[in-house]
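Undergrad: Got a predicted model here, sequence first, then my questions.
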Amino acid sequence: MPERPFALLRLGPSDVALLRGVNRLFGEVFDEPEEYAAAPPTDSYLQRRLAREDLLVLAALADGAVVGALVAYELAKLERECREYYIYDLGVAAAYRRRGIASALIEAAREIAAERGAHVLYIQAEAGDDRAIALYTRFAEARDIVHFEITPAPRRH
């Protein structure tokens, strides 16, 4: 099997600079640079987050640059002793698409989830995002689910 033109890395507490690269990538890929760069967290905050076992941050690196990434959150269930993972962000730089990076990121997440005792991973695609839907369909059957974003209640003082 030929060697991949990219390396996959699970980020840990010492990878704050790479995580900042992940956020830049997501800002570009999702065309939301302000969302990912307007109020960057401190290094200590990111180190604490990256130290958590229930946070999965994977980066695909090519020539030292972040060219793809996946962020997933582990959810400990209450109805039985099990875990699920929610893949919140998955993106690949435009110049690196169609090279198997997104598939490799999902496969790596599947392996880590299995090691952690998870029984399922979830990921969402917006209606009309045919590329994402085609990719995700290779791993699972689509389910019709309507996603709602509920704003938290205002703080009472």
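TA: Sure thing, it's come through. Remember, it's a predicted structure, so these values are computed and weren't measured experimentally.
Undergrad: what are the ranges of the helices in this structure?
TA: 16-29, 33-37, 43-50, 101-115, 130-137 (DSSP state H).
Undergrad: mind giving me a markdown table with those helices and columns for distance to P154 and mean neighbour count?
TA: (Glycine included, C-beta is placed from N, CA and C.) Listed next are these as a markdown table, based on distance: least, C-beta to C-beta, whole Å; neighbours: other C-beta atoms under 10 Å:
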| stretch | distance to P154 | mean neighbour count |
| --- | --- | --- |
| helix 16-29 | 28 | 19 |
| helix 33-37 | 22 | 13 |
| helix 43-50 | 24 | 14 |
| helix 101-115 | 36 | 17 |
| helix 130-137 | 34 | 13 |
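Undergrad: Quickly, which of these bottoms out on average pLDDT?
TA: Lowest mean pLDDT within the helices of the chain: helix 130-137, at a mean of 68.
Undergrad: what's the closest of the helices of the chain to E74?
TA: helix 101-115 (7.9 Å; C-beta to C-beta).
Undergrad: Tally up the residues packed near E149, please.
TA: Applying other C-beta atoms under 10 Å, we find 4 residues neighbouring E149.
Undergrad: how about it, what does it touch?
TA: Listed by C-beta atoms under 8 Å, 6 or more residues apart in numbering, the contact set of E149 is empty.
Undergrad: confidence score at it?
TA: 70.
Undergrad: ok so, going back, can you put the helices of the chain in TSV and add distance to R156?
TA: Shown next, in TSV, are the helices of the chain (distance: least, C-beta to C-beta, whole Å):
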stretch	distance to R156
helix 16-29	32
helix 33-37	27
helix 43-50	26
helix 101-115	38
helix 130-137	39
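Undergrad: Show me what the longest strand anywhere in the chain is packed up against.
TA: Counting by DSSP state E, the longest strand found in the chain is strand 65-76. Counting contacts by 3 or more C-beta pairs under 8 Å, 6 or more residues apart in numbering; DSSP states H and E, strand 65-76 is packed against helix 16-29, strand 55-62, strand 83-92, helix 101-115.
Undergrad: Can you give the distance of it from its chain's centre?
TA: 3 Å (C-alpha atoms, centre = their mean, to the nearest Å).
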